[in-house]
Structure formats: C-alpha cells, structure tokens
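Q: Below are the sequence and a predicted model; questions follow.
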Amino acid sequence: MEKLSLEQIEASLKHLNGWSYANGMISKSYTFQDFTETFAVMTHIAFECEKQNHHPNWENVYNNLTIRLNTHDVGGITQNDFDLAQSIERIVGNK
Ligand SMILES: C[C@H](O)[C@H](O)[C@H]1CNC2=NC(N)=NC(=O)C2=N1
C-alpha cells in the first residue's frame with residue numbers, strides 16, 4: 001500500500017466528517033451515552049478491523065473514544081486508513 005501525500009490526505013479528508021490529520025495520524029473523537037455503548041461500538045469496530053487486517057490506535061475514557069489511524073507498515077497514511085475510517089463512520093452512524 002502506497003503512502004499518500006499531504007495533498008491526497010487533505011483531499012480524502014473532505015469526504016470524512018470530523019476527521020483531521022495531525023502528527024502523522026488521521027483522527028476523530030466520539031462521545032457516546034455511557035461506557036456500555038462505547039464498548040459495544042468498539043467491539044463492532046474491532047471485528048471490522050480484523051476483517052480489514054487494519055488496526056486502530058485508540059483510547060477510551062468512559063464514554064469518550066478517540067481513534068487515530070495510520071499504517072505503521074509504511075510509516076504514513078494509506079488508503080487502508082481511509083477505508084477503515086469510512087467503515088468506522090458507518091458503524092457509528094448505525095449504532
Ligand atoms: C502483519 C500484519 O498484517 C500487519 O502488521 C498489519 C496489521 N494491522 C495493521 N494496522 C495498521 N493500522 N497498520 C498496519 O500497518 C498494519 N499492518
């Protein structure tokens with residue numbers, strides 16, 4: 001998978017509501033009702049990550065979930081990160 005340029009990253013971010021690029025990662029924070037809902041969403045995302053063989057850096061504090069994506073195999077952002085971000089948006093949108 002090819003590393004995307006900053007221009008490509010910025011173009012792809014236009015299609016992703018609330019995601020931004022900083023420190024070599026694309027990221028978004030979500031707030032849910034409570035820990036149970038947050039962890040349920042994380043579980044759903046985790047299965048999708050296994051399907052895509054692409055895994056997040058994430059941090060959960062009670063009902064807050066911050067997700068940061070990069071492709072550590074290439075040390076940058078690839079299309080895999082955007083594909084997973086789109087899937088995460090779909091999962092969160094369907095909760
Ligand atoms: C060996 C294994 O397939 C790779 O290390 C995969 C697993 N999941 C991954 N996830 C992420 N975010 N980046 C990777 O480069 C990556 N590589």
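A: Sure, I can see it. Keep in mind that this is a model prediction, so the values were computed, not measured.
Q: Quick one: neighbours of Trp19, just the number.
A: Trp19 is flanked by 20 other residues according to other CB atoms under 10 Å. (C-beta placed from N, C-alpha, C; glycine too.)
Q: no wait, Gly93
A: The burial count for Gly93: 8, using other CB under 10 Å.
Q: Next up, phi/psi of it, please.
A: With angles defined as degrees, to the nearest 10, Gly93 sits at phi -70, psi -20.
Q: measure it to the ligand for me?
A: Here the criterion is CB to the nearest ligand atom, to the nearest Å. By it, Gly93 lies 22 Å from the ligand.
Q: what does Ser12 give?
A: Here Ser12 is placed at a distance of 16 Å from the ligand (CB to the nearest ligand atom).
Q: where are the low-confidence patches of this structure?
A: Applying pLDDT under 70 to the chain flags residues 95.
Q: in which helix or strand would I find the most centrally placed residue in the chain?
A: Taking CA atoms, centre = their mean, the centroid of the chain lies closest to Ala85, which sits 4.1 Å from it. Ala85 is part of helix 79-93, with elements assigned from DSSP states H and E.
Q: How about that helix, which residues are buried there?
A: Neighbour counts over helix 79-93 (16 or more other CB atoms under 10 Å) mark Asn80, Asp81, Phe82, Leu84, Ala85, Ser87, Ile88, Glu89, Val92 as buried.
Q: Identify the residue nearest the first one in space, chain neighbours excluded?
A: Right, the one you point to is Asn80. With sequence-adjacent residues excluded and distances taken as CB to CB, 6 or more residues apart in numbering, Asn80 is closest to His54, at 4.8 Å.
Q: can you tell me the residue of the chain closest to the ligand?
A: Scanning the chain for proximity to the ligand using CB to the nearest ligand atom identifies Asp73 as nearest, at 3.3 Å.
Q: tell me the SS of that residue?
A: coil (DSSP: H, G, I helix; E, B strand; the rest coil).
Q: next one: Met42
A: Using three-state DSSP, the structure places Met42 in helix.
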